[in-house]
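>>> have a look; sequence and predicted model below, questions after that.
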Amino acid sequence: MAGESTRRNQNFYCQYHQDHGHTTENCRNLWNYLDQLVREGKLRHLLHHPSGHQGQAHQEPPRDIALRPPVGMINVILAALGRTGICPSRVLSVAQWPAKESQPKSKRAKMNFHPILSFSEEDKIGTIQPHDDVLLITLRIGDYDVKKVMVDGGSGAEVMYPNLYKGLRLKPEDLMPYNSPLMSFGGKLVIPKGMIRLPIQTGPEIMEVNFIVADTYSPYTAIIGRPWLHTLGAVASSLHQKVKLPSGDQVLEIRGCQSTARQSAEEAKCEDLEEVVIGGDPEKFFRVGAQLPLQEKEELIEFLKRNIDVFARDAYDAPGIDLAFICHHLNVNPSITPKK
């Protein structure tokens, strides 16, 4: 939003920009973004097509859209500081695809019936107990089924990482600015690359969510937090490895993958490495643990400097060694002509 914030009208607030100066309804950037989504056909299910005859039903979107196969599958905990409790700033809209069969129900039944979300011992069937595994699920983000999405009820923001951003075929210019830093598990501040709004489909529910793109290592592809859970009215249980959410008069379940969670936990144990250049050539470096205590790191670097002459990066760094030691041969008969 251009201009100094002190000169804007403080009586008007825009949830899209999260700033004062104009109302959300009069936000030109928001209307331009919605127009773009309409042109791309992403809001077809929300459009109403008026007809010339009163009472004539408008044309419904094809019912098989929600069941279309994904474009592909992507296999690749943070909390935002500030602005973490405002769902409208991260959730633009929630839409629902038309059900396969519509059965008439009384208004009273619709108003009074609320599915109960609960977990019992039966929900533990198929899981390894006891455990302390995180909850990893597969979600349809955009046009792709994305694996290794962590559900974290303690996170006040949805986060995605660069590998997933590239896997979704998104471009750097698609990012919106986002300046609030994030805090990693290691206690480091991470400056986000930006923010992007993408649709998440859960059963018949389609929800637009703001993802903060963090340029840091993570064993997960993305993190889904409270804004997504609360907007859908969903409840997650890592103990039962499930997410339950209401959908009409039914309860939908998303089952987590416990084996993937354990594999990701092992990956997370791998320590971050940093490059240490010893000598004048920046292309010749060693990788040491970034979390090593300072004294141990200095002793290790000093040891490498004293013994730099014993390290060989290619055959030319080790003259005098018999070629039979460093060369290998294929176990084939030279008298036989190779065939394709």
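All right, it came through fine. Keep in mind the model is a prediction, meaning the values are calculated, not measured. Numbers count the residues shown, from 1 in each chain.
>>> quick one: low-confidence residue ranges for the stretch 1-150 of the chain.
Applying pLDDT under 70 to the stretch 1-150 of the chain picks out residues 1-8, 42-68, 72, 74-113.
>>> and with 90 instead?
1-116, 142-143 (pLDDT under 90).
>>> show me the domain layout of the protein.
5-40, 72-99+111-268, 273-326 (automatic domain parsing).
>>> off-centre distance for the longest one?
When you say that, I think you mean domain 72-99+111-268. Distance of domain 72-99+111-268 from the chain centroid (C-alpha atoms, centre = their mean, to the nearest Å) equals 7 Å.
>>> which of the domains of the chain sits closest to residue 338?
Proximity to residue 338 (C-beta to C-beta) singles out domain 273-326 among those, at 24.0 Å. Any C-beta I mention is one placed from the backbone N, CA and C, and that applies to glycine too.
>>> quick one: end-to-end distance for that closest one.
Terminal residues of domain 273-326 lie 29 Å apart, using C-alpha to C-alpha, to the nearest Å.
>>> just the endpoints, please. Distance across stretch 230-245?
Stretch 230-245: ends 10 Å apart by C-alpha to C-alpha.
>>> list of residues touching that stretch?
For stretch 230-245, contacts defined as C-beta atoms under 8 Å, 6 or more residues apart in numbering pick out 87, 91, 94, 117, 119, 123-124, 127, 133-135, 137, 151, 153, 202-203, 205, 207, 228-229, 246, 251-256, 258.
>>> related to what we said a few turns ago, of the domains of the chain, which approaches residue 334 most closely?
Across the domains of the chain, closest to residue 334 is domain 273-326 (C-beta to C-beta), at 17.5 Å.
>>> mean confidence for that closest one?
Averaged across domain 273-326, the pLDDT comes to 81.
>>> heads up, I number from 4, so please use that
Happy to do that; since the first residue is 4 now, the last one works out to domain 276-329.
>>> any weak-confidence spans in the stretch 154-303 of the chain?
157-160, 164-166, 169, 174-176, 181-196, 205-210, 217-222, 250-253, 266-301.
>>> can we see that at 50?
Scanning the stretch 154-303 of the chain for pLDDT under 50 picks out no residues.
>>> could you pull out the helices for it?
Assigned by DSSP state H, counting those that start in this stretch, the helices in the stretch 154-303 of the chain fall at 165-170, 229-235, 261-271, 297-309.
>>> how about the shortest one: buried residues?
To tie it back to what came earlier, the one meant is helix 165-170. Buried residues in helix 165-170, counted by 16 or more other C-beta atoms under 10 Å: 167, 168, 170.
>>> and that helix, what other elements does it pack with?
With contacts taken as 3 or more C-beta pairs under 8 Å, 6 or more residues apart in numbering; DSSP states H and E, helix 165-170 sits against strand 147-154.
>>> mind listing what the strand it packs on pairs with, with the direction of each?
Here strand 147-154 is paired, per DSSP bridges, with strand 75-77 (parallel), strand 139-144 (antiparallel), strand 225-227 (parallel).
>>> okay, the domains of the chain, which one's buried deepest?
domain 75-102+114-271 (a mean of 17; mean count of other C-beta atoms under 10 Å).
>>> ok, the residue nearest to residue 127 when sequence neighbours are not counted to residue 140 distance?
Leaving out its chain neighbours, the residue that sits closest to residue 127 by C-beta to C-beta, 6 or more residues apart in numbering is residue 243, at 5.8 Å. With the distance defined as C-beta to C-beta, to the nearest Å, residue 243 ends up 12 Å from residue 140.
>>> residues touching the residue lying closest to residue 254 once chain neighbours are set aside, list them.
On the basis of C-beta to C-beta, 6+ apart, the spatially nearest residue to residue 254 that is not a chain neighbour turns out to be residue 118, at 4.8 Å. Neighbour list for residue 118: 249, 252, 253, 254 [criterion: C-beta under 8 Å, 6+ apart].
>>> who's the last one bridged to?
For residue 254, the beta-bridge partners under DSSP bridges are residue 249.
>>> now do the same contact list for it.
Contacts for residue 254 were tallied using C-beta under 8 Å, 6+ apart; they are 118, 119, 120, 247, 248.
>>> good, we can wrap up now.
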